[in-house]
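S.K.: Requesting a structural model of the entry that follows:
(chains A, B and C)
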Amino acid sequence: MMFIKSTLSFAKLEYRALRFYPSNFFLSVIQSFVTAGMWFFVSMFLKDYAAASLSGYGGDFVSYMVIGVVFFQNSAAILTLPFGSINTAFWDKRLEVYNSSSYGIWAFISGRFLWTFFYQLVIQAAVLIVAVLTVGVKVSAELPVLPLIAFYLCFIFTCFGFGLIGASNFFTLEVKQGREPFTWLVDVLARIFSGIYYPLAILPIGIQFISRLIPHTYAMEGLRLVMLNGQGLENATVRNDLLVMLGFAVFSMLIGIWLLHRALQRAHKGNGVGMVV
Amino acid sequence: MAIENVIEMRNITKRYKIRKSRERFTALDDVSLSIRKGEIFGLLGSNGAGKTTLIKVMSGLLQADEGTGETLGYDIYKDHKKIRATVSLVAPTADVGTDNNLTVRQNLEFWAVVYDLEREKREERIDEMLDFLELRQYENHWPMSISAGNRQKLAIARSLLVKNPVVFLDEPTVKLDAKSAAAVRELVKKINLEFGITVIMTTHYIYEAEELCERVAIMHKGKIVSCDTVANLRRNLQRYDEIVITCDQPTTEALNAITAIPVIVSCEYADGKLTVGLENIRSNLLEILKVLRGHGVSITEVATNEPTLEDIFVDTISGGGV
Amino acid sequence: MRFREWDSLKMFSKRELIIWLSYKMNALMWVLDTLFTTIIFFTLSLVTRGSDISFFPYGSNYVSFVVLGLFVHFISYTNLGDPFPRVSRIYWGGTMDLYMLSPLSYFTPMLGIMFRGVIDDYPRSILALLFGWLFFGAVFTFNSPFLLLIILILILLSTFGIGMISASSFYLFDFKQQVEPVKFIFQDVIIALTAGYYYPITVLPYPLQVLGGLIPHTYALDALRRLMIPGGDALTPVLPLQLALSGLSPVTLDILVLAVMSAVFLPLGWFMYVKGIEKARREGTLTRWQ
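M.R.: Take a look at the predicted model:
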């Protein structure tokens, strides 16, 4: 119970910070729209050439691209959140204070996750809705909601778990500045191999297998089948993709929690979690 | 023309804007002071008294709203760039200006160039500072791997690279342990003595001001409520040293003999104790005891009570000041 | 600039290089980032394989098209986007007071710390061209090296001018915790959408094309693509301003506009930055050490 209360407190702290600087909210909304807009125009430019590779999704490259970018933006924010949180708190000299309670750091990360989850959900949903209403992005009229939510949650928790693995590197690999390599690698592989920006069919056949190693591939495939084609759990690909995503989510969360826990313990025994004063 | 006073401030007032409000906070309220060349001058006050703001005005980092002043003969409004180029400053946090990605020596090399130290003199001056501040053994260490006291010494070394005539130290020992703080205080005396540098330091540690400073300005709520030597501050507040002697009732001649000593301010016997108020207890205690013994007074116990700067500070800010 | 400033700039640069080199993993990821970005667009270009795609007047090689976009993006990213965070770093690090207490000009510390961004991004521009050419089929011509050099200098100057305007807002308009709006509006909105890094701006609705006319990137990319991509046409106007002033050749107009933007943004940014510092000095907000 105390853990939940602490988590909610940290989430509320983020909300208060945003209220103090409300312009940050508007600017992050605009940024999400601009990123989606940029890829929207890329897809508009190339749509006639990509249609042949997208027969499985109705041939609509614009909708394919926008859906991919929206969900990817969402997941990327969650992926980098744990490391970013620890990094910021460390350099602000707050990390040791948080660590002084039994689950302080966990509540801190969880609180920020909770806040970012809802924050990103609202923003990306807005982007998608605007895209559907104004620029002709098409979403299936018979959208199966449960598989959509299931895919979304599995994707988010997979990314959060990977993010926790990345956060553990703050202590394990002493990555105190710059980019964290594990989440960077996940991000890069996802961008190239998971079909966010283009159909996987155009990748050279010899390297297409790499796509199957990345959770984003299954998430993108499943989400697009659900949203563009209105496919539900009766579709074998949707079912298989969802099962794989569930496996990834459970696996990455367990590994992430374990690795971060171990990293914190090692830090506690070594130089501590805070800055040496 | 030699400058007698390196700093002259007259009726300085500074008000800060309060964020998201139309109100202004008066950080300095009609402050005037003069600081002599070669002096160690203390600014004493609790948090928010205006010490740092005054330092910033004197160093040219902050523009006053009202009043006039000169630092090293330069006008604080028209010549603030020249002032800034000829004074040094050590911030309260030792890590300000210290790059943790550079070694101790590399940090000094960096600042030697920034402070426009002549190329031919750089290595020599850096070596001089490393030796002077006993940092030689750490010259190739990362700042985060040395103690906070040594990092503060590094900050002082940085400020002394060009040996500017005036150095501002803003709470130089605030985050240090007792031993490091004592070492820094010794350094302050040393730089003043050996280089003749005028040191203006802010502190809210009373014992520090008492130990180091020739004169102290006590600040409270943006005003200087007292500014003088510690001895004069005591005198003005009529806070004298006291000797409390537990003894038999002295004779009238004994009391008269004690009162006749020039430094004695008061002399009272009550409840078995003789309380003598005087200036400078250390020079006169023996004489008083001799007088009492000479008149056959039997002494059981002697206690002394020297009012500290803390007593003066508390008295001053609670309205007992000059 | 006086000798002392050059000496200090060199020292700042040396310091930033030492810091940059001490994070070798980051340096490696930085190189790989450029490669992977090029890979993404190369792969995207594969959707056009075997087609008769044309980017008139910019030739028909999508990789060359995008790689030039990346070139301008990386090179201008530092100039436009770096000054503000560097001023912010000086402020939050408490070192602005220490720099002010030196004989340096207001600009030297900021310029010196910007060297970090220069090390990060300028070589990335070259790497993008190199990777594109070496691995992904980008082809370039260098028939007008003098013009290319002028365009490069003007895009650097004009974007730096905008960067200085952005940096000035830190003190002038007190944007200390919030996202800085000049940088945001220019870099994250207008440039991202309308510069045409990844698509010709003729794809955009006309109002966005006009908006794109406010940024130097549009003209730099238009000129560079016409001159450097085989099959590029130097004569046919496509940008709104080129269509409006069709008496001038497109490349000439691009260079003129870049020159005007440089002449306006740079002094304006300079002036605003100085005013910002002086305002901070008056208000006591130079650093967070109070």
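S.K.: all helices for the stretch 51-200 of chain A, in order.
M.R.: A:61-91, A:95-99, A:104-134, A:145-172, A:181-193 (DSSP state H, counting those that start in this stretch).
S.K.: Just give the number of residues close to residue B:134.
M.R.: A count of neighbours around residue B:134, defined by other Cβ atoms under 10 Å in any protein chain shown, yields 12. For glycine as for every other residue, the C-beta is placed from the backbone atoms N, C-alpha and C.
S.K.: Residue numbers of chain B in contact with chain A?
M.R.: Applying Cβ under 8 Å from any Cβ of the partner chain, we find that chain B lies next to chain A at B:144-145, B:148, B:175.
S.K.: Name the residues linked to residue B:268 by a beta bridge.
M.R.: Counting by DSSP bridges, residue B:268 is bridged to residue B:275.
S.K.: Give me the pLDDT for it.
M.R.: pLDDT for residue B:268: 88.
S.K.: wouldn't it be in contact with residue B:258 here?
M.R.: No. Counting by Cβ atoms under 8 Å, residue B:268 does not reach residue B:258; the two are 10.7 Å apart.
S.K.: Between those two, which is the more surrounded one?
M.R.: Applying other Cβ under 10 Å to residue B:268 and residue B:258 shows that residue B:258 carries more neighbours, namely 22 against 10.
S.K.: State which one residue of chain B is found closest to chain A.
M.R.: residue B:144 (5.8 Å; Cβ to the nearest Cβ).
S.K.: With the flanking residues excluded, which residue is spatially nearest to that residue?
M.R.: residue B:100 (5.0 Å; Cβ to Cβ, 6 or more residues apart in numbering or on different chains).
S.K.: so how many other residues sit close to the residue of chain B closest to chain A?
M.R.: By other Cβ under 10 Å, the burial measure for residue B:144, its neighbour count, is 13.
S.K.: Can I take it that it is in a helix?
M.R.: Yes. Applying DSSP: H, G, I helix; E, B strand; the rest coil, one finds residue B:144 inside a helix.
S.K.: For it, give its distance to residue B:46.
M.R.: 31 Å (Cβ to Cβ, to the nearest Å).
S.K.: that older thread, the residue nearest to residue B:144 contacts residue B:142, correct?
M.R.: Yes. Using Cβ under 8 Å, residue B:100 is in contact with residue B:142, at 6.2 Å.
S.K.: So for residue 111, what's the nearest residue that isn't a sequence neighbour?
M.R.: In the absence of a named chain, chain A is used. Closest residue to residue A:111 apart from its sequence neighbours, by Cβ to Cβ, 6+ apart: residue A:10 at 2.4 Å.
S.K.: Hmm, no, I was thinking of chain C.
M.R.: Leaving aside its chain neighbours, residue C:111 sits nearest to residue C:9 (6.3 Å; criterion: Cβ to Cβ, 6+ apart).
S.K.: Doesn't that neighbour belong to a helix?
M.R.: Yes. If the criterion is three-state DSSP, then residue C:9 is within a helix.
S.K.: for it, what are its contacts?
M.R.: Listed by Cβ atoms under 8 Å, 6 or more residues apart in numbering or on different chains, the contact partners of residue C:9 are C:108, C:111-112, C:115.
S.K.: go with 7 Å
M.R.: Listed by Cβ atoms under 7 Å, 6 or more residues apart in numbering or on different chains, the contact partners of residue C:9 are C:108, C:111-112.
S.K.: Check it and give its pLDDT.
M.R.: 89.
S.K.: ok, now how distant is it from chain A?
M.R.: 23 Å (Cβ to the nearest Cβ, to the nearest Å).
S.K.: and the gap between that residue and residue C:112?
M.R.: Distance, residue C:9 to residue C:112, using Cβ to Cβ: 5 Å.
S.K.: go on, residue B:26?
M.R.: 37 Å.
S.K.: CA atoms of the worst-scoring helix or strand of chain A on mean pLDDT as CSV?
M.R.: The weakest-scoring helix or strand in chain A, judged by mean pLDDT, DSSP states H and E, is helix A:95-99 (a mean of 83). Backbone C-alpha positions of helix A:95-99 (Å, rounded to 0.1, in the frame of the first residue of the first chain) are rendered in CSV as follows:
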residue,chain,number,x,y,z
LEU,A,95,18.9,9.7,-5.8
GLU,A,96,20.3,9.1,-2.5
VAL,A,97,17.4,10.8,-0.8
TYR,A,98,15.0,8.6,-2.7
ASN,A,99,17.1,5.5,-1.8
